[in-house]
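> Please work out how this folds:
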Amino acid sequence: MADVVVDIQRFNETIAVYTRARQELDSMIRALKAEINSLGNEWKGEASKGFSLNHFPKLYDSMEEHIKKIERLENELKTVISEFNSLDRELRNLSS
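Now for the predicted structure:
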């Protein structure tokens, strides 16, 4: 029977990449939101409302959705690692 080699370290490295990307995107969103709030406080009346109500919420929602997708990918990879580890233990127990 052929051995199937799964490099768990590669999965962990990939999870780390996704985690860093998610954290960076989240940080960027928070910084952007703070800047937009600051800018909005400088504007008056309809100009302030028009920008903050029409442009930023769409961008913010889109970025938030991307963060959720990245987090789901992270969780799926963690599940794969857990399942491979469990399968590996079971196979080792069968062969001993």
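
> in the chain, what secondary structure element scores lowest on mean pLDDT?
helix 45-54 (a mean of 65; mean pLDDT, DSSP states H and E).

> is it true that E74 touches T19?
Yes - under the criterion of CB atoms under 8 Å, E74 lies in contact with T19, with a separation of 6.0 Å. Just so you know, the C-beta spots here come from the backbone N, C-alpha and C atoms, and that holds for glycine as well.

> The two: which has the busier surroundings?
E74 (18 against 15; other CB atoms under 10 Å).

> Now the residue positioned nearest the centre of the chain: which helix or strand?
Nearest to the mean C-alpha position of the chain, counting by CA atoms, centre = their mean, stands I70 at 3.0 Å. Here I70, judged by DSSP states H and E, is contained in helix 56-95.

> What's the mean pLDDT across that helix?
The average pLDDT for helix 56-95 rounds to 91.

> contacting residues around the closest residue to the residue nearest to the centre of the chain other than its chain neighbours?
Of all residues not flanking I70 in the chain, R22 sits nearest, at 4.3 Å (CB to CB, 6 or more residues apart in numbering). By CB atoms under 8 Å, 6 or more residues apart in numbering, R22 lies in contact with 67, 70-71, 74.

> How about the backbone phi and psi for R22?
phi -60, psi -40 (degrees, to the nearest 10).

> any idea how far it lies from D3?
Look at R22 and D3: by CB to CB, to the nearest Å, they are 34 Å apart.

> and what of M63?
Applying CB to CB to M63 and D3 gives a distance of 43 Å.

> With neighbour numbers in mind, choose between those two.
More neighbours surround M63 than the other of M63 and D3, with 16 against 5 (other CB under 10 Å).

> ok, that one to I29 distance?
For M63, the distance to I29 equals 5 Å [CB to CB].

> cool, and N41?
As judged by CB to CB, N41 and I29 stand 19 Å apart.

> of those two, who's got more company?
Using other CB under 10 Å as the criterion, N41 and I29 rank with I29 on top: 16 against 10.

> in what helix or strand does the more buried one lie?
Assigned by DSSP H and E, I29 falls within helix 8-42.

> Now that helix: buried residues?
Neighbour-count burial for helix 8-42, counted by 16 or more other CB atoms under 10 Å, picks out 15, 18, 22, 26, 29, 36, 40.
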